[in-house]
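A.B. asks: Can you look at this prediction? I've put the sequence above it.
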There are 2 protein chains.
Amino acid sequence: MAGVGGEGPLFLALSSSFLLQSVNGKPSTGTDLEIDEKYQNTHRIDSLNILLYTFLLILTVVTIWIFKYRRARYLHETGLAVIYGLIVGAILRYSGDNTPVSHMVVDPKEPQTYHGDAPPDTLWLKYGGNINASQNRTYAYSFRGEIPESLEDEIVQKATFDPEIFFNILLPPIIFSAGYSLKRRHFFKNLGAIFTFAFLGTTISTFVVGGLVYGFLWLLSSSFSFIDCLLFGALISATDPVTVLAIFSDLHVDVNLYALVFGESVLNDAVAIVLSSAIESYGSASGGFETSAFFLAILNFLWIFSMSFLIGSVMGCLTAILTKFTRLKDFPLLETALFVLMSYSTFLMAEAADLTGIVAVLFCGICQAHYTYNNLSAESRVATKTLFELLNFLSENFIFSYIGVSMFTFDHHKWDVGFISIAFVAIIAGRFMCVYPLSFLLNLGRTPKIPINFMNMLFFSGLRGAIAFALAIRNTSSTARKAILTTTSLIVIVTVILCGGLTTQVLSWLGIPVDVEDDETHHLNTSFQPIRNGPGAEDGGEGPVEGTSSSSSKYEKAWLFRIWSQFDVRFMKPFLTNSRPTLLDTTPLCCAPLARLLTTTEQLTQNITNPLYDGDLGLGSSSSVPTRVSVAGSRGQDL
Amino acid sequence: MAGVGGEGPLFLALSSSFLLQSVNGKPSTGTDLEIDEKYQNTHRIDSLNILLYTFLLILTVVTIWIFKYRRARYLHETGLAVIYGLIVGAILRYSGDNTPVSHMVVDPKEPQTYHGDAPPDTLWLKYGGNINASQNRTYAYSFRGEIPESLEDEIVQKATFDPEIFFNILLPPIIFSAGYSLKRRHFFKNLGAIFTFAFLGTTISTFVVGGLVYGFLWLLSSSFSFIDCLLFGALISATDPVTVLAIFSDLHVDVNLYALVFGESVLNDAVAIVLSSAIESYGSASGGFETSAFFLAILNFLWIFSMSFLIGSVMGCLTAILTKFTRLKDFPLLETALFVLMSYSTFLMAEAADLTGIVAVLFCGICQAHYTYNNLSAESRVATKTLFELLNFLSENFIFSYIGVSMFTFDHHKWDVGFISIAFVAIIAGRFMCVYPLSFLLNLGRTPKIPINFMNMLFFSGLRGAIAFALAIRNTSSTARKAILTTTSLIVIVTVILCGGLTTQVLSWLGIPVDVEDDETHHLNTSFQPIRNGPGAEDGGEGPVEGTSSSSSKYEKAWLFRIWSQFDVRFMKPFLTNSRPTLLDTTPLCCAPLARLLTTTEQLTQNITNPLYDGDLGLGSSSSVPTRVSVAGSRGQDL
């Protein structure tokens, strides 16, 4: 190409030495050079965009350090990220110096040749420029979306990312590490309550919010369909754990409360996602109310949820098998790589199969922590734990600062004051209807009961976050959807900043016990410490799963769980992990040959050779002693 | 939107339960639903694409483990990745079941309204579909590139990534960890030779290759301009370290040879990148040969290189300062996050300023290892080290499998047999002219001399890899560029598989000493081990930088380096790190107040409170003893 001549890129390349001026430089002849310049330009703007968010994150990190250093808890990093995002977004929006996107209005050459109502995926344009129009070239243009009322400048345009990025890149690590760092003992202890809140609660709040919004909007005679409202109800019912939980583990609040809030918010993300997709499908079937479609939607919901769950756990177990029966642990790098790849592919598989990767990756994470982790080498344990904490931290803050920036720069916003104000009322009502009635129901058959102040705290900690936003931004094709996005962003921002900021005070107002001594509360803070901590130690802490007589007494209520844990201890763990007891000990003699086949020598020589694995043998308390010490120099309490 | 009705997405959402069938399902009415489906479809295909590469990587990891397990060294993981890539690429290419991209040929509405010769960035299309053509909507289409002769199907199209991804996502970690894990002692010991090879050598090989190719092609009366040939010469002169070095550290070859190969291949990447961009700019100035433009290009080269170097080292030092003067290390997560963000932003800054991020991030990595690393908390040391190793491993293998896949799926390939065969001859000649003459020159003023078998090995280890490919794929606008891409891919594949596979044999043929006991060779293998190893321990090993009398004797030759190291020890390290000696010890009394200001209490109370830092106090040998032990259970020797 260079042979063709003209001085475009020289100008460009020299502009590298006299910064950026060439961007607005009048283009010269030679279409190739134009294209070169276009590429260069795109590249520069891409870099600038990513740089923008990188700086936002750096800013957040430094500020949050200062806050932690000053023991200031009134603002959490996610809140900070949002605020910085808002500021930068405003600057971007109202600063004029942006390179505009050149655009050309086109007509179909002969419309009849193209069939179908969907706009085509690509347009082919014959264009040779005005000077040398003689040498026409054909250029491909790919579908980008419907054009909103107001078109922004390029830098602003570009400062908004493809929603795909949220679902394919940013969400998986967040959800995975939620599952991976799940404090399983207390989680399982409160399994019943958590499931009730997650499934029943989310459904209730979905319909309450949806109904209320629809009712009010009907009074305002707005254009919202009932399905839109339900959809909004579903996606806004996904509560976000990070902010509150960070403070919880900061203050070491009561572990049961912690488990409740954590378990609910993690699972109801999944539920909300599946619900909304089910509602969408139902809605698109009919504007009104049809029983057939309704049951189809329910069927759909059950199918998606169970299938995603299946994929997730199967892949998790597969990883466990791979790591158990190969000597991969001799090469921690390979081991870690495999671990990461398997986990990520779980998400992708589910997504590619039109299921929800979030659900899949969540349960994959739980399985990885429950089984695979025991087979990992010491290095890989630390590596995976730290890696996912870091990814989680970065993605989270990226999303929150993005929410901030996009409030100003994203061009699919629609401000509907009526809708917004109604929405706020509705979510409060929805949260109320979800927490209190269910808690009372649960208390009928539950010991220990959920005290009233816990209920209040549960009610208060219904922040909305990443998932709600990601669900809202995923599709903004209609006006209703745009309004939903705007409202959701607002709700996220307000709740994160307000509730996040007030959590500490509210805790003390409600007189909720803090600084409760529980080793698990510590585990959460120590995953940057080597070996003993993280999933391993939690495994250790796992009385119930071991089903030892000592601990079983407390768990009468969770009968379903007790059955499972029996099965888990007798078959799953011996089969999938290198921890004792082996299948030889747990299975009837008849299966001895098979059992032997599935038992590794390492497993047999377990507690002799490898003291690390004590953690998995129910010696939770012992394995957590060093933790309690090491955590003294308290760190990363934001996870 | 859902209210609008029609059963499109219901069909879609249910298809989630009866997999994928809806993709080819006849679209129904309702443009919104169409768009929904389009989004869904895109999402599914995106997922499938990423999934494809994830599986390729999993496959590679597992296979390479088997190879390592069987002690089989005849094929390195990068080679494997390429081969698997080729296979999958072929399957994708020749398997029919792909969903085609719908396209529509368009005309400018009124051409005169759009000025400039470049094709516009976006096209606006008014289209309402055939059924309800009444309700027209405007859709935006964004520039994708010139249309090649043959258009592939979507899945194939999509299996090729935007070259941006290579430069913004995949290359930075590779280069950064090259700098971060740089074995500085031997690197600095051979600084002179490395610089000669990197700068002089790369330039020589560029012109030799370029000249030869041009000459031959001229005989074949091909359309290649001299600049195209030079460009090819430049980008193909970037040698790739991974494969050979992996085997080197596997076999513990002589450290000087290691340092030479490593240093050359890391630096000449940078040189090649800058050279090619300079040549491009020069070329676009004129097809022929003009002195003014020529000197402009040289100026340009120097400017870009020095500026990138500056940005990189400044950002590195900035991180060091941040980590030294804050107590960030109390929160390893924040610390690690900051470290990562600062390093990445270095790359982006350089790119956004039209400099080369690669050079910037390389030197940033060196600074981070040399200064920042000493200030990091134990957890962050492990975290950063493992993180970058993992990223490096994943990106590398991703790129190589991508090279494989794209050989079949990328639609900008141009097979020019003449060019290809000439190129192979040329690169051999170029490599020859680069290695032998320079080695002889160096040997005139160098002790220890570079023995002949080292030269042969240097000559042999001129594999081409990621950088060359990334440079080639970056711009494929012209036929010449397309041919360059194809040739480069081929060269990469052949050299990686062939030379990579033969390295072990060649080493023995050349009678190069292996299993040389040197603690640094070990450091390379132990970075998945906590604390002492990685940069820290290398610091420890750093006799020269400490400039202690014991070691200084060996370094007469590297006078330039000795001056620097004096300065480094007296001012830079005391200022930027928490290691002794402090500025109070090294600066004249007059500056005492300032020096005190720049000295942290931690630094003063150094070796009392924090034994970890011994590593930085020149006690290299002692700090590397545990390493030698810990490495016994040899792992991840692939880095």
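C.D. replies: Cool, the structure landed. Numbering: from 1, shown residues only, chains lettered A, B, ... in the order given.
A.B. asks: for the helix or strand containing residue A:50, packing partners?
C.D. replies: Per DSSP states H and E, residue A:50 falls inside helix A:31-69. In terms of contacts (3 or more Cβ pairs under 8 Å, 6 or more residues apart in numbering or on different chains; DSSP states H and E), helix A:31-69 is packed against helix A:8-15, helix A:77-94, helix A:154-158, helix A:378-409, strand B:137-146, helix B:163-165, helix B:332-352. The C-beta positions use only the backbone N, C-alpha and C, and glycine is treated the same way.
A.B. asks: Quick check: pLDDT value at residue A:485.
C.D. replies: Here, the pLDDT recorded for residue A:485 equals 90.
A.B. asks: brain fart, residue A:524
C.D. replies: So residue A:524 comes in at 39 (pLDDT).
A.B. asks: which residues of the stretch 451-600 of chain A fall in helices?
C.D. replies: Ranges of helices within the stretch 451-600 of chain A are A:452-460, A:466-474, A:479-509, A:519-523, A:535-541, A:543-546, A:549-552, A:559-567, A:573-576, A:583-586, A:592-597, based on DSSP state H, counting those that start in this stretch.
A.B. asks: My error: substitute the stretch 101-250 of chain A in the last question.
C.D. replies: Under DSSP H, counting those that start in this stretch, the stretch 101-250 of chain A gives helices at A:154-158, A:163-165, A:171-180, A:184-189, A:191-195, A:202-219, A:226-236, A:242-251.
A.B. asks: Just the C-alpha atoms of the last one, please, in CSV.
C.D. replies: Included here for helix A:242-251 are C-alpha records, laid out as CSV according to Å, rounded to 0.1, in the frame of the first residue of the first chain:
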residue,chain,number,x,y,z
VAL,A,242,-20.7,-6.5,47.9
THR,A,243,-21.1,-3.2,49.7
VAL,A,244,-23.0,-4.5,52.8
LEU,A,245,-21.0,-7.7,53.0
ALA,A,246,-17.7,-5.8,52.9
ILE,A,247,-18.8,-3.9,55.9
PHE,A,248,-20.2,-7.0,57.6
SER,A,249,-16.9,-8.9,57.4
ASP,A,250,-15.2,-5.6,58.3
LEU,A,251,-17.1,-5.5,61.6
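A.B. asks: Any chance of JSON lines for the helices of the stretch 451-600 of chain A, columns mean neighbour count?
C.D. replies: As requested, these are exported to JSON lines (neighbours: other Cβ atoms under 10 Å in any protein chain shown):
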{"stretch": "helix A:452-460", "mean neighbour count": "19"}
{"stretch": "helix A:466-474", "mean neighbour count": "26"}
{"stretch": "helix A:479-509", "mean neighbour count": "21"}
{"stretch": "helix A:519-523", "mean neighbour count": "24"}
{"stretch": "helix A:535-541", "mean neighbour count": "27"}
{"stretch": "helix A:543-546", "mean neighbour count": "22"}
{"stretch": "helix A:549-552", "mean neighbour count": "12"}
{"stretch": "helix A:559-567", "mean neighbour count": "14"}
{"stretch": "helix A:573-576", "mean neighbour count": "23"}
{"stretch": "helix A:583-586", "mean neighbour count": "16"}
{"stretch": "helix A:592-597", "mean neighbour count": "12"}
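A.B. asks: right, and those helices - which one's nearest chain B?
C.D. replies: helix A:479-509 (6.0 Å; Cβ to the nearest Cβ).
A.B. asks: Make a markdown table out of the helices of the stretch 101-250 of chain A and add mean neighbour count, mean pLDDT and distance to chain B.
C.D. replies: Output for these, formatted as a markdown table (neighbours: other Cβ atoms under 10 Å in any protein chain shown; pLDDT from 0 to 100; distance: least, Cβ to the nearest Cβ, whole Å):
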| stretch | mean neighbour count | mean pLDDT | distance to chain B |
| --- | --- | --- | --- |
| helix A:154-158 | 20 | 47 | 8 |
| helix A:163-165 | 16 | 70 | 6 |
| helix A:171-180 | 26 | 86 | 11 |
| helix A:184-189 | 23 | 77 | 22 |
| helix A:191-195 | 20 | 85 | 23 |
| helix A:202-219 | 21 | 90 | 11 |
| helix A:226-236 | 28 | 89 | 4 |
| helix A:242-251 | 23 | 75 | 11 |
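A.B. asks: Nice, that's everything, thank you.
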